[in-house]
Structures are given as C-alpha cells and as structure tokens.
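**Q** What follows is a protein structure lacking sequence information:
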Ligand code: AMP
C-alpha cells in the first residue's frame, strides 16, 4: 500500500510517501513560505534533494505542486497519482469528540471545523490541506489522525481545571494536550523494545523539541499530560513559557499596559529559552552560550528543573514506572541535557551511564542508564509521520 502523509501548517506543507510493506519512505519534503513570493519546495526522492522556487499562493496550489513533483518524470517516484492508495492527514485538534483516527467524511470535517476555535492556528490549515487533497485525490480514502486522540481519555481529575464548571460545559475549557501522536509512537516502541505488552507498560514519555510536553502512561494509556487547553502550559519550551501564575497576565496588563494580543505573543513567541536566555530559542545555542552567560545558563537550568519536577510528580501518580522515555530534537540529540535530567532523577533510583549516553544519538534508540538503574531512562526517536501512516493503514483496512 502506498500511503501519502500530509501535515499542513499555516505557511507550510510537510509530506511523506510511504510504502507500507517495508515502511520505507519513497519521497518526502516540505513546502515553506506558502502564500508568499518566496515559496520553496524541498523535495527528496531517494538520496536526491531538490529545492525548487514555486508559486504557491494557497494550500490547494501547494499540494498540487507537491503531487506534480511526486509524479514528475525527472524527480518523481510514481508514474501516476493512481498509485497512491490512501492519504493520512495530521489534524491537531479533535476536541472531546475524536478518541481515534477516523476516515474523513462530512461529520469528521465538521468536528475539525468546530474545534478550530480551540486551535485557530492549526485546524484551519489542516482542513485546507484535507479539502485540497480530497479534491486532487477524490477516489481514495482520506484519514484524519488527531494529535489530541491519544490524550483524549485522561481522567477528569487530570483534564479538568479548578475553574467554574460552566467554563468547561459551555466553553470547553479543559486540558486537551498535544504531541499525542509522538507520545503514542514512543509508547508503542518502548513496549516493543522493553519486551512488555503495551497494555501493561507504565511510562513517563518526554517530548523535548521546539515544543515540549510530557505524558504519564499507565497500562499503555495516557493518564496525565503537561500541555493544557493550548500548547502553552507545562514544560519550558523554545519560545513558550510553560507553567506560570495566570495572575502574571493581569498584573502586566495593568502595570505595563500590554494588550491581550501582546501578552499572547510574548508568552508564546518571546518566552521560554529565548525569553530567559536572551540568546536563542534553540537549545544548542543556549548550551553553547551557557559557559560565559548567566542568563543562558539559567534558561537551561529552568528547562531541566521543570522536567525533573514533572517527572517526580508523574512518578507518584503512576502505578509503577518501567522507564522514562526521552524523545524530540533535544531528547534524541542533546547529551548534556540528558545527563542533567538523569542527575536530577538520582533520588528516583536513576543511575546514568555516560558511555551509553554518548552512543545513543543520531536516530538510535536505547537506554542511557546502567542495567541496575532501578528507573531506566531510554532515548527513543519519535516518528510522527510513520505513526500517521500506520494509523491510516489500520483505519483503511478496518473500513474495507
Ligand atoms: P524538534 O522540534 O523535535 O525538531 O526539535 C528541535 C529542537 O531540537 C531545536 O530547537 C534544538 O533546540 C534541539 N536540538 C536538535 N539537535 C540538538 C542537539 N544536538 N543539541 C541540543 N539541542 C538540539
């Protein structure tokens, strides 16, 4: 089966074409700066990468260009679009309605539309991608894979905020969580690698990329999660603040005369590592600057401290913990951050293995703790696109 995976952002489209038999990637790429005069398509087929200046005013035009590249005689990998069997779409917000991936029909489209209110930056472009792809590839099944689905069965004590009940019933204010596809993927991989049944495994999965989030997994199911109604809550991120006292917002509105829009922008785009360090939102830059720059050093310290604190909290609410799993750009690659997280977890019985920490990089999976560490810490590279492809295949096969 050839599965086309699409992830539409507001100004970008990422894609991968999978052959399900061996889960190989036939082609992949991304179109960036969509809607501007500088749109570029980065298309990779085999080992060849092509960077092509394109005119892509909207998602429909962008997707058309991607499908042309995939079937192009020179840089393509298919002779015709008829070879594509199904399409998997990443959709950020499925609200309280979507607990699983689903074949896209009018009802699913309506759910994505309804939840655009909760994910105004993500659901509309996701939907634009779905509409464009369904029009270009009308004869094959399209599947929506929701980022929130894996996190949609949290217990009420974890998803409800201590706010007036009406805010939940009328305005749907609750924890939804994000990065669910990544947390689910590493949960399944951890079960495989640790030789445990998925329905038995207890984990703390920690996704550390530009956005950062943590999930407590009991018996293979998510029972708590650090991101909230929006991706702003929880861990410190590249530019997002994570947990703060909500009164900071009222205080600064009054004291500094900042508007809601300004506060929204600063908490989302100018805080986190960037805000504290004043150097960069990229962990590599913060680490490089940390030696002679106290602000950069503090940004890294707060980042690690928050992670360790959350792991401690999740450790106490889980029935047990088979492993802490680190993933995402930082989790998969940053030896100093992994080392510091392990150091912070000594009280939980974590014994770091420096040699293993040095070798589990570049896409490798494995433990970075010693064999006798009572709480193992694993690094498991995430693969959200592959997870979407697998989900898509499963939904299509179930609906045959
Ligand atoms: P992601 O969103 O998962 O692609 O992760 C992106 C982030 O990973 C970047 O912003 C970097 O901060 C971080 N990152 C990637 N490689 C490294 C590395 N070798 N050391 C530290 N951070 C890294």
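**A** Yep, it's here. Computed from a prediction, not measured in an experiment: that's the story for all the values here.
**Q** Could you find the residue in the stretch 301-400 of the chain that comes nearest to the ligand?
**A** As assessed by CB to the nearest ligand atom, the ligand sits closest to residue 329 within the stretch 301-400 of the chain, at 2.1 Å. From N, CA and C alone the C-beta is placed, and that goes for glycine too.
**Q** Wait, that residue touches residue 210, no?
**A** Yes - applying CB atoms under 8 Å, one finds residue 329 in contact with residue 210, separated by 7.1 Å.
**Q** Now stretch 317-332: buried residues?
**A** For stretch 317-332, a neighbour-count test (16 or more other CB atoms under 10 Å) marks 318, 321-332 as buried.
**Q** In strands, which of these appear?
**A** In this view, those that belong to strands under DSSP state E are 323, 324, 325, 326, 327.
**Q** ok, now how distant is the third one from residue 186?
**A** Which is residue 325. Distance, residue 325 to residue 186, by CB to CB, to the nearest Å: 5 Å.
**Q** just the helices in the stretch 301-400 of the chain please.
**A** Listed in chain order, the helices found in the stretch 301-400 of the chain under DSSP state H, counting those that start in this stretch are 328-333, 335-344, 354-359, 384-398.
**Q** Dump those helices into CSV; add mean pLDDT and distance to residue 67 as well.
**A** Formatted as CSV, these follow (pLDDT from 0 to 100; distance: least, CB to CB, whole Å):
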stretch, mean pLDDT, distance to residue 67
helix 328-333, 97, 29
helix 335-344, 98, 39
helix 354-359, 98, 41
helix 384-398, 98, 17
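**Q** Of the ones you listed, which is nearest residue 238?
**A** helix 328-333 (9.3 Å; CB to CB).
**Q** Show me how far that closest one is from its chain's centre.
**A** 12 Å (CA atoms, centre = their mean, to the nearest Å).
**Q** packing partners for it?
**A** Using 3 or more CB pairs under 8 Å, 6 or more residues apart in numbering; DSSP states H and E, the elements in contact with helix 328-333 are strand 203-208, helix 335-344.
**Q** again, only using 6 Å
**A** Under the contact criterion of 3 or more CB pairs under 6 Å, 6 or more residues apart in numbering; DSSP states H and E, helix 328-333 touches strand 203-208.
**Q** Now do the strand it packs on: distance to the chain's middle.
**A** 11 Å.
**Q** Sheet-wise, list the partners of it with their directions.
**A** If you go by DSSP bridges, strand 203-208 pairs up with strand 212-218 (antiparallel), strand 323-327 (parallel).
**Q** the inter-axis angle of that strand versus helix 384-398?
**A** 130 degrees (axes from the mean of the first three to the mean of the last three CA atoms, to 10 degrees).
**Q** Now do strand 203-208 against helix 335-344, angle only.
**A** 140 degrees.
**Q** Strand 203-208 vs the ligand: in contact?
**A** No - taking CB under 6 Å from any ligand atom as the criterion, strand 203-208 and the ligand are apart, separated by no less than 7.3 Å.
**Q** Distance of residue 293 relative to residue 300?
**A** 10 Å.
**Q** Name the residues that touch stretch 224-240?
**A** Stretch 224-240 is contacted from outside by 151, 158, 173, 175, 177-178, 210-216, 242, 268-269, 272-274, 281, 302-303, 306, 310, using CB atoms under 6 Å, 6 or more residues apart in numbering.
**Q** How far does it stretch from one end to the other?
**A** From its first residue to its last, stretch 224-240 covers 20 Å (CA to CA, to the nearest Å).
**Q** Over to stretch 17-29?
**A** First-to-last residue span, stretch 17-29, CA to CA: 9 Å.
**Q** In it, which of the residues would be classed as buried?
**A** So for stretch 17-29, counting by 16+ other CB under 10 Å, buried means 17, 18, 20, 25, 26, 27, 28, 29.
**Q** re the thing from before, looking at the strands paired with strand 203-208, which is closest to residue 251?
**A** strand 212-218 (25.2 Å).
**Q** what does the average pLDDT come to for that closest one?
**A** Mean pLDDT, computed over strand 212-218, is 98.
**Q** what element comes up after it heading to the C-terminus?
**A** strand 221-225 (DSSP states H and E).
**Q** That following strand pairs with which strands?
**A** strand 212-218 (antiparallel).
**Q** List the buried residues for stretch 57-64?
**A** Those would be 59, 61, 62, 63, 64, for stretch 57-64 by 16+ other CB under 10 Å.
**Q** got it, and stretch 93-107?
**A** 93, 94, 95, 97, 98, 101, 102, 104.
**Q** filter these by proximity to the ligand?
**A** Applying CB under 6 Å from any ligand atom to those, none is adjacent to the ligand.
**Q** Phi and psi next, for the closest residue to the ligand within the stretch 101-250 of the chain.
**A** Nearest to the ligand, among the residues of the stretch 101-250 of the chain, is residue 209, at 2.5 Å (CB to the nearest ligand atom). The phi/psi pair for residue 209 (degrees, to the nearest 10) reads phi -130, psi -140.
**Q** Spatially nearest residue to it, not counting backbone neighbours?
**A** What sits nearest to residue 209 in space, not counting adjacent residues and going by CB to CB, 6 or more residues apart in numbering, is residue 328, at 3.5 Å.
**Q** How about the residues of the stretch 251-400 of the chain by the ligand?
**A** Counting by CB under 6 Å from any ligand atom, the stretch 251-400 of the chain sits next to the ligand at 282, 283, 284, 328, 329, 330, 333, 334.
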